[in-house]
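> sequence and predicted structure below; questions after.
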Amino acid sequence: FFRLASHVSTALVRLPMSTWAPDIIVHILSFLDHRDVALLSSRVCQAWADAANDDELWCRLCMWYWADKHDTTLRLKSSSDFSHPQCASSLSSDELCEVLHQRGVSVDPSFERRELLDACMFTTPPHKYEQLFKGMVSKWKASFAFALCDSRCDVINKEAVCRAVWRVQFKELAGYGAAPSKAFIGRFYRNGRYRSAASDTTWCMMGDHVQISEYPPFAVRRRSTDWGWVLDSPYVMYTSVGTWPDIEDPNTDFEGWMVAG
């Protein structure tokens, strides 16, 4: 409560907190971080609990928290847990169709909204969320929780490899005295093709590792600072620096793809 006090006028404090207008409560909560807001949603009166689950509030938290994160544009995460009836009902029909499409579920144009809701609720991927995010009734809170959960996963999948823009740099080889090479951009395609300014070859997933042609597999790790990826080997390092547009063109001209090293 004391952390909230500085954002509340003296006149307002004289009124019972449960009688404050919802938009005022939401405004006050917008000054807190996501953990405080999530904790409040289960430890306060109904009026404050409703405000702590407000979609607009959580959309703001997503916008602020994801601003400097890798591959985290401001959009609903299709793998989020939208299974709570109130949460699923807050999704528009277009959002439901997009979520199901991203989950690989075929949607017939003749589907009624009730069928879309059922499909969304029953195709929720399993994830281990923090206890404070249990029973999510806000679609943006659900997306926030999923993104936070996903940021701690250090196992990369093929889709994430292909979606990322990779900064490639050869390392200084011990004993040879050569400086690291100038960095350039590399791209992995879903059809198994890999292209960069230096090569045009094949790639594949080898368990939890990424392998390019006959070269040793790359170990994968996650950057905690911006949720980006690193592919590492004794000779070269790949660092994710952004994401590609949805459309792939393996015939892209690589002229000018060198970047500052």
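Ah, there it is.
> in stretch 158-173, what's buried?
For stretch 158-173, the neighbour count (16 or more other C-beta atoms under 10 Å) marks 160-170 as buried. Placement of C-beta: from N, CA and C, glycine included.
> oh sorry, the question was meant for stretch 229-240
Of the residues in stretch 229-240, those buried (16+ other C-beta under 10 Å) are 229-231, 233, 236-240.
> same question for stretch 116-135.
Going by 16+ other C-beta under 10 Å, stretch 116-135 has these buried residues: 116-117, 119-121, 123-124, 129, 133.
> run the chain-centre distance for stretch 81-101.
17 Å (C-alpha atoms, centre = their mean, to the nearest Å).
> so which bits of that stretch are buried?
81-82, 84, 87-88, 90-91, 95-100.
> where along the chain do the strands fall?
With strands called from DSSP state E, the chain shows them at 164-170, 184-188, 193-196, 200-206, 209-212, 219-222, 229-232, 236-243.
> possible to save those as a markdown table with distance to I24 and mean pLDDT?
Output for the strands of the chain, formatted as a markdown table (distance: least, C-beta to C-beta, whole Å; pLDDT from 0 to 100):
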| stretch | distance to I24 | mean pLDDT |
| --- | --- | --- |
| strand 164-170 | 42 | 91 |
| strand 184-188 | 49 | 92 |
| strand 193-196 | 54 | 92 |
| strand 200-206 | 51 | 95 |
| strand 209-212 | 50 | 94 |
| strand 219-222 | 39 | 93 |
| strand 229-232 | 42 | 95 |
| strand 236-243 | 38 | 91 |
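> any chance of JSON lines for these, columns distance to W66?
Putting the strands of the chain into JSON lines (distance: least, C-beta to C-beta, whole Å) gives the following:
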{"stretch": "strand 164-170", "distance to W66": "16"}
{"stretch": "strand 184-188", "distance to W66": "23"}
{"stretch": "strand 193-196", "distance to W66": "28"}
{"stretch": "strand 200-206", "distance to W66": "27"}
{"stretch": "strand 209-212", "distance to W66": "25"}
{"stretch": "strand 219-222", "distance to W66": "16"}
{"stretch": "strand 229-232", "distance to W66": "16"}
{"stretch": "strand 236-243", "distance to W66": "13"}
